[in-house]
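Student: Mind folding the following:
(one chain, ligands or ions: 1)
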Amino acid sequence: IHNVIFDSSLEASILVAKEIANLIHRKEELNEPCVLGLATGSSPIKVYEELVRMHKEEGLSFKNVITFNLDEYYPMDKDNIQSYHYFMHDHLFDHVDISPEHINIPDGTVSFEELRQSCIDYEMKIKSYGGLDFQLLGIGRTGHIGFNEPGSHINSGTRSITLDHITRIDAAPSFLGIDNVPRKAITMGIGTVRSAKRIVLLAWGISKAEILKKTIEGDVTSQVPATYLQEHNNTTFVLDSEASSELT
Ligand code: F6R
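Tutor: Numbers count the residues shown, from 1 in each chain. Model prediction:
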């Protein structure tokens, strides 16, 4: 892992958005699709804001972009404002020229009987594009990436998982109480994420400092799934000074 530390998350986010825009341009010149793995949550919001600005003011086009989101709550309706489907449209997709058929988000509306197959289909669809060119990540206080909670296997693929209690506590305010937070989610696996050619993990604020120390300086362990990124050769952690404050 390579770390870069910024004074402000805004400055950092603008740089990450630039890297994504450069990749989109490069792929466009090659006449190849640009396959992006995307995250929700508070961490990537300013990256999406900057990408939208570049689309509106600098003509950055998403015509050749294919996206795969990391995760979705299960069960979850698409029009629920807590859904990651809603989040992505609200923060990015509704404001750029991406084709709706190029947007992929795990489907929180499938029946329990269809769930397993829909996860396999999601994984196969990513593979059909030759894998992810770029994966954007946040990190949870449990050390989850996507919703790969402690105990996740290094080779795991897209699947349904049970959310960790800490993750549900952290989601409780936006759901107006922990009882409203779903107990399950669908997530890309650690194997799915690690097959990306390039990974950028964003973490801002003091609440992430402790888990980042474990993730970056600790031993690789399934108890902190983000430590698996230590074994990926093209990962950068983009941090603000608070998030990096426990690093030695
Ligand atoms: C979201 C996701 C999660 C979040 C993580 C951090 O798609 O996969 O792993 O990245 O929970 O969330 P924030 O950014 O809200 O602190």
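Student: can you map out the strands along the protein?
Tutor: When assigned using DSSP state E, the strands of the chain occupy the ranges 2-6, 34-38, 65-69, 71-74, 103-104, 134-137, 159-162, 184-187, 199-203, 235-240.
Student: Going by contacts, tell me the helices and strands next to the fourth one.
Tutor: So that's strand 71-74. If you count contacts as 3 or more C-beta pairs under 8 Å, 6 or more residues apart in numbering; DSSP states H and E, strand 71-74 packs onto helix 84-91, strand 184-187. Where C-beta positions appear, they are placed from N, C-alpha and C, glycine not excepted.
Student: which residues are in contact with it?
Tutor: Contacts of strand 71-74 with the rest of the structure, by C-beta atoms under 8 Å, 6 or more residues apart in numbering, involve 40, 82-85, 105-108, 115, 146-147, 160, 182, 184-188.
Student: Can you give me every residue that contacts the residue nearest the centre of the chain?
Tutor: In the chain, the centroid-proximal residue (C-alpha atoms, centre = their mean) is Ala39; its distance is 2.5 Å. When contacts are counted by C-beta under 8 Å, 6+ apart, Ala39 is found next to 69-70, 136-138, 146, 202.
Student: for those, which one is nearest the ligand?
Tutor: When these are compared for distance to the ligand, the smallest value, 2.4 Å, is given by Gly138; criterion: C-beta to the nearest ligand atom.
Student: I'd like to know how far the closest one sits from Lys184.
Tutor: Using C-beta to C-beta, to the nearest Å, Gly138 is found at 19 Å from Lys184.
Student: Please apply the same query to Tyr84.
Tutor: 13 Å.
Student: out of the two, which sits in the more crowded spot?
Tutor: More neighbours sit around Tyr84 than around the other of Tyr84 and Lys184, counting by other C-beta atoms under 10 Å; the figures are 24 against 17.
Student: which ones are touching the more buried one?
Tutor: If you count contacts by C-beta under 8 Å, 6+ apart, then Tyr84 has 40, 69, 71-73, 76, 105, 108 around it.
Student: buried set for the top helix by length along the chain?
Tutor: When secondary structure is assigned using DSSP state H, the longest helix within the chain turns out to be helix 9-30. Applying a neighbour-count criterion of 16 or more other C-beta atoms under 10 Å, one finds 9, 12-14, 16-17, 19-21, 23-24, 27-28 buried in helix 9-30.
Student: remind me which residues of the protein are low pLDDT?
Tutor: Counting by pLDDT under 70, the chain contains no low-confidence segment.
Student: which bits of it sit near the ligand?
Tutor: By C-beta under 6 Å from any ligand atom, the part of the chain that sits against the ligand consists of 39-43, 70-71, 138-140, 144-147.
Student: If you go by neighbour count, which of these are buried?
Tutor: By neighbour count, with 16+ other C-beta under 10 Å, the residues of the chain next to the ligand hold 39-41, 43, 70-71, 138-140, 144-147 as buried.
Student: Same list, those residues, but as TSV with distance to Asp90 please.
Tutor: Written out in TSV, the entries for those read as follows (distance: C-beta to C-beta, whole Å):
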residue	distance to Asp90
Ala39	14
Thr40	10
Gly41	13
Ser43	16
Leu70	17
Asp71	16
Gly138	17
Ile139	22
Gly140	21
His144	23
Ile145	22
Gly146	20
Phe147	20
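Student: Quickly name whichever of these is closest to Leu212.
Tutor: When these are compared for distance to Leu212 (C-beta to C-beta), Ile139 comes out closest, at 7.1 Å.
Student: how about the closest one, what does it touch?
Tutor: Residues near Ile139 by C-beta under 8 Å, 6+ apart: 43, 145, 201, 203, 208, 211-212, 215, 226.
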